[in-house]
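*Asks:* predicted structure and sequence below. I'll ask about it afterward.
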Amino acid sequence: MEKAMFGAGCFWGVESAFRQIPGVQDVACGYSGGRLAHPSYQDVCYKDTGHAEVVLVDFNPQQVSYEALVDFFFQMHDPTTLNRQGPDVGDQYRSAIFYYSPEQARTAQAAKERWDRSGVYSRPIVTQIEAAREFWRAEEYHQQYFARRGMQPTCHVARKP
């Protein structure tokens, strides 16, 4: 098993989307990239902690590649909006890839450049690519938010390069 961490706006839709990919074993909502240990949702939203809402993806690389996950990430949200996804505004909603190895960093950077050149987006991609830091699991009511409520997520879109 390997890990991948992505920030693509509100983590509810991101978590739900990644769960649909064969080879993904688990997805957890949480916070990363900030200055406060053990942040709460309230901290991240209202106290300028610097954290992004992220998902931690556990995946089997024999079934799905990291590159495929990164491409899915670029397809399922708008990576051209700084600190925003749809109606959600703030640095906690930034587009970010947190890598766990030099190989993941190279793969993420190459994908970002490829998507930037693809013409799919009319503006430059602003996704941050940085080394993974501590993952702080979000409160339980955030985990599998849509599935627990029997709702269909509608907050992320799919695009093709």
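*Replies:* Received it, and whenever you're ready, just let me know what you need. Numbers count the residues shown, from 1 in each chain.
*Asks:* which stretches of the chain form strands?
*Replies:* Along the chain, counting by DSSP state E, strands occupy 2-8, 24-32, 52-59, 84-85, 88-89, 95-99, 128-131, 136-137.
*Asks:* figure out which of these is closest to Y121.
*Replies:* strand 95-99 (11.3 Å; Cβ to Cβ). Just so you know, the C-beta spots here come from the backbone N, C-alpha and C atoms, and that holds for glycine as well.
*Asks:* what's the average pLDDT for that closest one?
*Replies:* Strand 95-99 comes out with an average pLDDT of 97.
*Asks:* tell me what that strand is packed against?
*Replies:* In this structure, strand 95-99 packs against strand 2-8, strand 52-59, helix 102-117, strand 128-131, with contacts taken as 3 or more Cβ pairs under 8 Å, 6 or more residues apart in numbering; DSSP states H and E.
*Asks:* looking at those, which is nearest to R148?
*Replies:* Using Cβ to Cβ, the nearest of those to R148 is strand 52-59, at 15.8 Å.
*Asks:* what's around the closest residue to R35 other than its chain neighbours, how many residues?
*Replies:* Nearest residue to R35, sequence neighbours excluded (Cβ to Cβ, 6 or more residues apart in numbering): G50, at 5.0 Å. Using other Cβ atoms under 10 Å, G50 has 16 other residues around it.
*Asks:* how about stretch 58-65: buried residues?
*Replies:* Neighbour-count burial for stretch 58-65, counted by 16 or more other Cβ atoms under 10 Å, picks out 59, 64.
*Asks:* okay, that stretch in CSV with CA atoms only?
*Replies:* Extracted in CSV, the C-alpha atoms of stretch 58-65 (Å, rounded to 0.1, in the frame of the first residue of the first chain):
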residue,chain,number,x,y,z
ASP,A,58,-4.4,4.7,0.7
PHE,A,59,-4.0,2.9,-2.6
ASN,A,60,-2.6,-0.4,-4.1
PRO,A,61,0.0,0.6,-6.8
GLN,A,62,-0.5,-2.8,-8.4
GLN,A,63,-4.1,-1.7,-9.1
VAL,A,64,-3.9,2.0,-9.7
SER,A,65,-0.8,4.2,-10.3
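*Asks:* okay then, goodbye and thanks.
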